[in-house]
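Undergrad: Structure of the sequence below:
(chains A and B)
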Amino acid sequence: MIREGTLNIVILCLLVAVPAYAYVMNEPFTITLATRAVIFALAGVGLNLALGQGGLVSFGHAAYFGMGGYAMGILASHAQNYDPIFDGAFLIEGTNSMPVIWVVAVVSSALLALLIGALSLRTSGVYFIMVTLAFGQMFYYFAISWPAYGGEDGLSIYVRNQFPGLNTLDPIQFFGICFAILCLVLLFVDRLNKSPFGLALNGAHQNEERARTVGINVYKLRLVAFVISGAITGLAGALFADLNRFVSPTMFSWAISGEIMIFIILGGVARLFGPVVGAAVYILLEHFLGGLSDYWFIYLGAILLGMVLFAKGGIIGKLAKKETHHGG
Amino acid sequence: MADSILRVSDIHKSFGALKASDGITLDLRQGEIHALIGPNGAGKSTLIKQIAGGLRPDSGSVTFLDQDVTRHSVAERARLGLARTFQISALAMDLTVLENAVLGAIGQRGSVFSFFRPAMKNAGLLSQARAALAQVGLEEDEATITAELSHGQRRQLEVAVALTLAPKAFLMDEPMAGMGAEGSKALTRFLQELKHQAPILLVEHDMDAIFACADRISVLVYGKIIATGSVDDIRANPDVRTAYLGEEDAA
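TA: As a prediction, this is how the structure comes out:
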């Protein structure tokens, strides 16, 4: 057993070492795989705040992932067609600036999470899982049937969006952007988990009645956590769309919600780096098992089953002892 | 009544045909321990829930600190200083003792939505939590994970968390349950000091403990208070003897 903090640093180093090696060896595909892992990790960090810290098993986080993706797709497609989004009393134009797209993705997925959270947090347990799943699917079918932005075929963006001072089409530079965002979000979530807000969220997860009887408005607390969680996953969606230069309704599908949840279960529920490890392992499995057989999900299923039965804390839980907040 | 901190007025609550609260009126005065006794199924839990806010009465009102709180949520009542302890310890078991107490301080200060300063490095929260732990004698165990505490220590922690709320009144649901004779005696002495800080509405089955520490006793039978008075009044009351204490003798 090693300290979780040490393990986290090792994970970050590995996450940089793989694409750095690939860069030297001139293997851009490996860099793209690493970028995918980082973006999935970010989506998982978002869900982990609700699921791990808050105990809110959302099976509909694809809604925010897709929202972020479409925020990118819509803004960028209008920009590439020189076609304003809204031309009336005032003018809203598309953009291919990443920072602007990120802000729009974060704000729109936060608003969506506010709406979905406000309704679904009135339920709990299995009902909560089902309601969040239903909302996710609602957006999936909406995206399929809405012809303005590609419908079922999705939207292709021909050129990757711009970031001041960087060449975003260079795989290693785009990886750097995604990695930097992941690190910043991890820092933010770590602060959040240790703050009074995080302690209250964790306390309400362990004992809702207790949280109420010390004067905590549990509904409001969870709603705020849910909104932050959705916003982070939405940001990941925007980056994912930029990685593929393509957005489609698949981003809204329940399979994506399930994948994001798998990252967390593989890596370790409620562990800061759980989704990071989980996403990286998932990408590795997808790459190697997927090469062996089209039915690689069967192996993934067996691995997941083994994790749930024999390693409840996920990979991080197997390797590191849980650190209490109170280290003295 | 001027010195009444908490007042329940003519509360009714039915579940189908069952009248769990049938016109209950009750008050808790400054500096007293008011014990609520009654046989199983008398409606004690239902009454406690209505006072704490988990259940809304069909009619009647709950007044706390001269404020009508009948429509207030559990959390709102707690922030006003209504501190509840549970029959079965309701604690965050994976958190440390100190973290559980800090949780109380966070709720009391309404600092739930502060996102950046670490809770366990916030001097204000820590001193409030440690003061409460010291008062119940748990200061040595602050770093222990709550799940590892003994039954008696969990009860102490329950009270400590209640103390972090700057309580104006305590609502205690069977604090003596499973405590053993020694623990029960110690807790009785502790409650007698505690009542000067804030009055205590005590639901308890341990009659010896109640007779030893209660200032007033109310007897609840089938959703009705059949008598309220001092220990001696209640002991002497013939209705109480047949309805409740007689049952105890027979058991």
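Undergrad: Now do the lengthiest helix in chain A, average pLDDT.
TA: Identified as the longest helix of chain A according to DSSP state H is helix A:218-244. Across helix A:218-244, pLDDT averages out at 97.
Undergrad: can you list contacts of the next helix-or-strand element following that helix?
TA: Counting by DSSP states H and E, the element after helix A:218-244 in chain order, helix or strand, is strand A:246-247. Strand A:246-247 is touched from outside by A:Gly69, A:Tyr70, A:Met72, A:Gly73, A:Tyr149, A:Gly150, A:Gly154, A:Leu155, A:Ser156, A:Ile157, A:Ala241, with contacts defined as C-beta atoms under 8 Å, 6 or more residues apart in numbering or on different chains. C-betas here are computed from N, CA, C, even on glycine.
Undergrad: ok, the residue nearest to A:Phe128 when sequence neighbours are not counted to chain B distance?
TA: Nearest non-adjacent residue to A:Phe128, counting by C-beta to C-beta, 6 or more residues apart in numbering or on different chains: A:Ser120, 5.8 Å away. Distance, A:Ser120 to chain B, using C-beta to the nearest C-beta, to the nearest Å: 20 Å.
Undergrad: Give me the secondary structure label for the residue in chain A sticking out farthest from the centre.
TA: Centroid-distance maximum for chain A: A:Ala89 at 36.0 Å, with C-alpha atoms, centre = their mean. Classification of A:Ala89 by DSSP: H, G, I helix; E, B strand; the rest coil places it in coil.
Undergrad: same check, this time on B:His205
TA: coil.
Undergrad: need the contact list for it.
TA: Applying C-beta under 8 Å, 6+ apart to B:His205 gives the contacts B:Ile37, B:Glu174, B:Met176, B:Ala177.
Undergrad: Quick one, grab the pLDDT at it.
TA: The model's pLDDT for B:His205 equals 82.
Undergrad: what's the spacing between it and B:Gly38?
TA: Applying C-beta to C-beta, to the nearest Å, the value for B:His205 to B:Gly38 is 10 Å.
Undergrad: Then B:Arg155?
TA: 22 Å.
Undergrad: what comes up buried for stretch B:69-84?
TA: Under the neighbour-count criterion of 16 or more other C-beta atoms under 10 Å in any protein chain shown, stretch B:69-84 has B:69-70, B:72-75, B:77-84 buried.
Undergrad: let me redo that: stretch A:166-181
TA: A:Thr168, A:Pro171, A:Phe174, A:Phe175, A:Gly176, A:Ile177, A:Cys178, A:Phe179, A:Ile181.
Undergrad: same thing with stretch A:3-17?
TA: Buried-residue list, stretch A:3-17, by 16+ other C-beta under 10 Å: A:Glu4, A:Leu7, A:Asn8, A:Ile11, A:Leu12, A:Leu15.
Undergrad: mind checking the SS state of the third one?
TA: Same thing as A:Asn8. Applying three-state DSSP: A:Asn8 is helix.
Undergrad: Am I right that it is in contact with A:Phe273?
TA: Yes - the criterion here is C-beta atoms under 8 Å, and A:Asn8 meets it with A:Phe273 at 4.7 Å.
Undergrad: Need the residue closest to the centroid of chain A.
TA: Central residue of chain A (C-alpha atoms, centre = their mean): A:Ala43, at 0.7 Å.
Undergrad: Next one: that one from chain B, what distance?
TA: Separation of A:Ala43 from chain B (C-beta to the nearest C-beta) stands at 21 Å.
Undergrad: close enough to count as contact, that residue and A:Phe65?
TA: Yes - using C-beta under 8 Å, A:Ala43 is in contact with A:Phe65, at 5.6 Å.
Undergrad: joint contacts of the two?
TA: Joint contacts of A:Ala43 and A:Phe65 (C-beta under 8 Å, 6+ apart) are A:Thr233, A:Ala236, A:Gly237, A:Phe240, A:Ile260.
Undergrad: of all the residues you listed, which comes closest to chain B?
TA: Comparing the shared contacts of A:Ala43 and A:Phe65 against chain B with C-beta to the nearest C-beta picks out A:Thr233 as the nearest, at 18.3 Å.
Undergrad: can you map out the helices along chain A?
TA: Counting by DSSP H, the helices of chain A are A:4-24, A:28-48, A:62-80, A:98-120, A:126-145, A:171-194, A:196-206, A:208-213, A:218-244, A:254-267, A:274-292, A:296-310, A:314-319.
Undergrad: So which of those is the most surrounded?
TA: Using mean count of other C-beta atoms under 10 Å in any protein chain shown, the stretch among those with the largest mean neighbour count is helix A:62-80, at a mean of 28.
Undergrad: Can you name every helix or strand that that helix contacts?
TA: Applying 3 or more C-beta pairs under 8 Å, 6 or more residues apart in numbering or on different chains; DSSP states H and E, one finds that helix A:62-80 contacts helix A:98-120, helix A:126-145, strand A:155-156, helix A:218-244, strand A:246-247, helix A:254-267.
Undergrad: so how far is that helix off the chain centroid?
TA: 15 Å (C-alpha atoms, centre = their mean, to the nearest Å).
Undergrad: pLDDT below threshold where in the chain?
TA: If you meant another chain, say so; for now it's chain A. A:322-328 (pLDDT under 70).
Undergrad: not quite, I wanted chain B
TA: Counting by pLDDT under 70, chain B shows low-confidence ranges at B:1-2, B:244-251.
Undergrad: Let me see the domain layout of it.
TA: B:1-81+B:169-251, B:93-166 (automatic domain parsing).
Undergrad: OK, contacts around residue 122?
TA: I went with chain A, as the question did not name one. A:Tyr219.
Undergrad: if you could check chain B rather than the one you did, that'd help
TA: Contact analysis of B:Asn122 by C-beta under 8 Å, 6+ apart lists A:Pro196.
Undergrad: give me that answer again for 10 Å
TA: A:Ser195, A:Pro196, B:Val102, B:Ala105, B:Ile106, B:Arg109, B:Ser111, B:Ser114, B:Gln128, B:Ala129 (C-beta atoms under 10 Å, 6 or more residues apart in numbering or on different chains).
Undergrad: ok, of those, which come out buried?
TA: Buried members of those, scored by 16+ other C-beta under 10 Å, are A:Ser195, A:Pro196, B:Val102, B:Ala105, B:Ile106, B:Arg109, B:Ser111, B:Ser114, B:Gln128, B:Ala129.
Undergrad: which one of those is nearest A:Val185?
TA: The closest of the buried ones among the contacts of B:Asn122 to A:Val185 turns out to be A:Ser195 (C-beta to C-beta; 15.2 Å).
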